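Undergrad: Sharing a model prediction with you, sequence too.
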Amino acid sequence: MKIAALLTLFGSAAAFAPASRTKSASTLLAWKDETVVGITPPVGFWDPLGLSEGKDDATMNMYREAELKHGRVAMAACLGWYVTAAGVHPAFNSELSSNPLEAAAQLAPVGWLQFVLGCGAIEWLAQQIAKRPGYNAGDLLGASEWVDNSDEGWVDYQNKELNNGRLAMLAIMGIIAQDLLFGNYGDQIFKQ
């Protein structure tokens, strides 16, 4: 019931968004321009596997959407990992293990069901938002309606989000590997 009310709230908020602007199509070369969001020093445009070769703008936008989504999930996962490692489990009275991988195994099936349904609801909502005209990849809240990439501060913010997401994707893989290989799941900096 609460989820339905929340989804209704998000759906009704779209009615108050300003009219969308249409963007003209560009070529793949435009994605390699140094002024494009996400192309930052010292690497610049980095595609060692050549996944962008011969791709159109729609595919490149899908790649950017996936990069943003995975980066945001990874940032939340890094935060959640250390909250769990600290022994904080608000929904379970801190009765689960402090090791996040063990806590995931101890989670009841109904907890996994809630998790999957919650992720599915968010994904469905994101797909509905993406159908709006003038939608920019990853802009679920419609910020591009009020500011565009001619604003240096906005471009800087987007670059920071992409770079932090890229770092978080690498970090969460390292954190999980550390737990799986060595059993170290918390902050190892201060351990002797």
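TA: Ah, there it is.

Undergrad: Quick check: which ranges of this protein have low pLDDT?
TA: For the chain, the stretches with pLDDT under 70 are 1-35, 188-192.

Undergrad: Please enumerate the helices of it.
TA: Here the chain has its helices, by DSSP state H, at 2-13, 57-85, 100-106, 109-130, 152-182.

Undergrad: got those as a markdown table, with distance to residue 46 columns?
TA: In short, each C-beta sits where N, CA and C put it, glycine included. Formatted as a markdown table, the helices of the chain follow (distance: least, Cβ to Cβ, whole Å):
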| stretch | distance to residue 46 |
| --- | --- |
| helix 2-13 | 35 |
| helix 57-85 | 12 |
| helix 100-106 | 30 |
| helix 109-130 | 26 |
| helix 152-182 | 10 |
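
Undergrad: Now render those as a markdown table, adding distance to residue 146 and mean neighbour count.
TA: Shown next, in a markdown table, are these (distance: least, Cβ to Cβ, whole Å; neighbours: other Cβ atoms under 10 Å):
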| stretch | distance to residue 146 | mean neighbour count |
| --- | --- | --- |
| helix 2-13 | 14 | 10 |
| helix 57-85 | 19 | 16 |
| helix 100-106 | 38 | 15 |
| helix 109-130 | 16 | 12 |
| helix 152-182 | 9 | 14 |
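
Undergrad: residue closest to the middle of this structure?
TA: residue 72 (2.2 Å; Cα atoms, centre = their mean).

Undergrad: Next, the contact list for that residue, please.
TA: residue 165 (Cβ atoms under 8 Å, 6 or more residues apart in numbering).

Undergrad: Now do stretch 92-112: everything it contacts.
TA: Contacts of stretch 92-112 (Cβ under 8 Å, 6+ apart): 80-81, 84-89, 91, 115, 176, 179-180, 183, 185-186.
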